[in-house]
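>>> what follows is a predicted protein model with its sequence.
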Amino acid sequence: MGGPAYVDNKVIEEFDNFYERKFTSFSGITYYNTEQYFQSKKCDDREFIEKILSLDDPGDARSLGQECNLRADWENIKVKVMRRGNFYKFYRNKDLMKLLLSTNGSIIFKSSTDFWNKWNGKILEELRDFFKFHKGGDESSITRAYRLFPFSK
């Protein structure tokens with residue numbers, strides 16, 4: 001979840017994790033939105049993951065994701081997973097990346113839990129900085145840089 005973001009005195013719907021925009025991960029899996037990506041990473045049950053991947057509605061993906069048995073390491077990796085899903089969303093959709101890069105101020109979320117309101121904004125600010133720094137890079141250099149980039153924990 002996340003809802004719209006508030007940045008530079010504007011409401012930006014496209015920054016919502018439920019915003020429906022397809023993207024493909026580096027492993028070749030296509031997702032309909034960041035929420036679906038996030039929910040599909042919560043468990044190790046392949047059949048359950050396939051059910052989530054079959055859903056194009058982010059609300060349905062979230063609801064189904066609430067029913068899975070969480071991976072043992074979920075609490076330690078959930079922010080990284082959300083960061084990676086948003087990376088793909090913006091990296092694979094250049095118009096969304098351009099929108100993100102057009103912002104300057106703090107990115108604020110108000111529609112989720114305190115934890116995710118904080119982290120959704122922080123993640124997008126980190127990605128904005130990352131994309132600004134690596135602007136113009138080819139896919140292999142951005143992929144390599146992304147895997148090595150020291151995002152906060």
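In hand now; what should we look at? Note that the structure is predicted; figures quoted are calculated from it, not measured.

>>> what's the neighbour count on residue 76?
10 (other C-beta atoms under 10 Å). No exception for glycine: its C-beta is placed from N, CA and C like everyone else's.

>>> what does residue 75 give?
9.

>>> ok, and what's touching the strand or helix carrying it?
Per DSSP states H and E: residue 75 is located in helix 74-92. Helix 74-92 is contacted from outside by 17, 19, 21-26, 31, 33-34, 37-38, 41-42, 71, 96-97, 100, 119-120, 123-124, 126-127, 130-131, 142, 146, 151, 153, using C-beta atoms under 8 Å, 6 or more residues apart in numbering.

>>> in helices, which of those fall?
Counting by DSSP state H, these place 34, 37-38, 96-97, 100, 119-120, 123-124, 126-127, 130-131, 142, 146 in helices.

>>> who wins on neighbours among these?
residue 34 (30 neighbours).

>>> from residue 99, how far off is it?
15 Å (C-beta to C-beta, to the nearest Å).

>>> ditto for residue 39
Residue 39 sits 24 Å away from residue 99, going by C-beta to C-beta.

>>> the more surrounded of the two?
Using other C-beta under 10 Å as the criterion, residue 39 and residue 99 rank with residue 39 on top: 29 against 14.

>>> now for the residue nearest to that one when sequence neighbours are not counted: which residues touch it?
With sequence-adjacent residues excluded and distances taken as C-beta to C-beta, 6 or more residues apart in numbering, residue 39 is closest to residue 65, at 3.0 Å. Residues near residue 65 by C-beta under 8 Å, 6+ apart: 38, 39, 40, 42, 52.
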